[in-house]
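**Q** Just need the structure, nothing else, for what follows:
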Amino acid sequence: MAHRSILRAAESVRKETIAEHGVRVSSDCYTARCTCEFVNSLRHKMPTSVAGTAIYTREDGVVDWRYCRTGDGESDFEVRGTHVGLVHNSSVYTIIANRLVQARSPKQAISASRRQQKS
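**A** Okay, here's the model as predicted:
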């Protein structure tokens, strides 16, 4: 669920893309009806072997944060910041690093958590 300003911007990009590339671009591109391979891949459920991580911020300003959560307290992580600011947010990278360590080995995850607590 995106803010209507973002949807208007996407519509503008869609129109420019179609104008520039013509018939090579589906008229449904950048819409909920898009059927390209990338969008179709997003519609598939993740295998249970893949650990999910949802990082969200209530100050997003682009996406309604309530749609960014999985409902699983072990996988949902709230941080402070804006949508665009997430890429510069050190908390996000700490969460990602810890989740990758957890996926690699439970022992290493415990070790990493202890090191982080000491610093």
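
**Q** how close does Tyr56 sit to Val87?
**A** Remark: distance between Tyr56 and Val87 (Cβ to Cβ, to the nearest Å) = 14 Å. Yep, even glycine has a C-beta here, placed from its N, CA and C like the rest.

**Q** What of Leu42?
**A** Going from Leu42 to Val87 by Cβ to Cβ gives 20 Å.

**Q** before we move on, back to that, which one of Tyr56 and Val87 is surrounded by more residues?
**A** Set side by side, Tyr56 and Val87 show unequal neighbour counts under other Cβ atoms under 10 Å, the larger going to Tyr56 at 20 against 9.

**Q** contacting residues around the nearest residue to the more buried one once chain neighbours are set aside?
**A** Distance criterion Cβ to Cβ, 6 or more residues apart in numbering; nearest residue to Tyr56, sequence neighbours excluded, is Cys68 at 3.6 Å. Cys68 is in contact with 54-56, 60, counting by Cβ atoms under 8 Å, 6 or more residues apart in numbering.

**Q** So what does Cys68 look like in phi/psi?
**A** According to degrees, to the nearest 10, the main-chain angles of Cys68 amount to phi -100, psi 0.

**Q** just the one 3 residues further on next, same as before
**A** Backbone geometry at Gly71, expressed as degrees, to the nearest 10, gives phi 90, psi 0.

**Q** try Arg80
**A** Comment: the main-chain dihedrals of Arg80 come out as phi -90, psi 150, following degrees, to the nearest 10.

**Q** The residue nearest to it when sequence neighbours are not counted: neighbour count?
**A** Spatial nearest neighbour of Arg80, excluding adjacent residues (Cβ to Cβ, 6+ apart): Thr57 at 6.3 Å. Here the number of neighbours of Thr57 (other Cβ under 10 Å) works out to 22.
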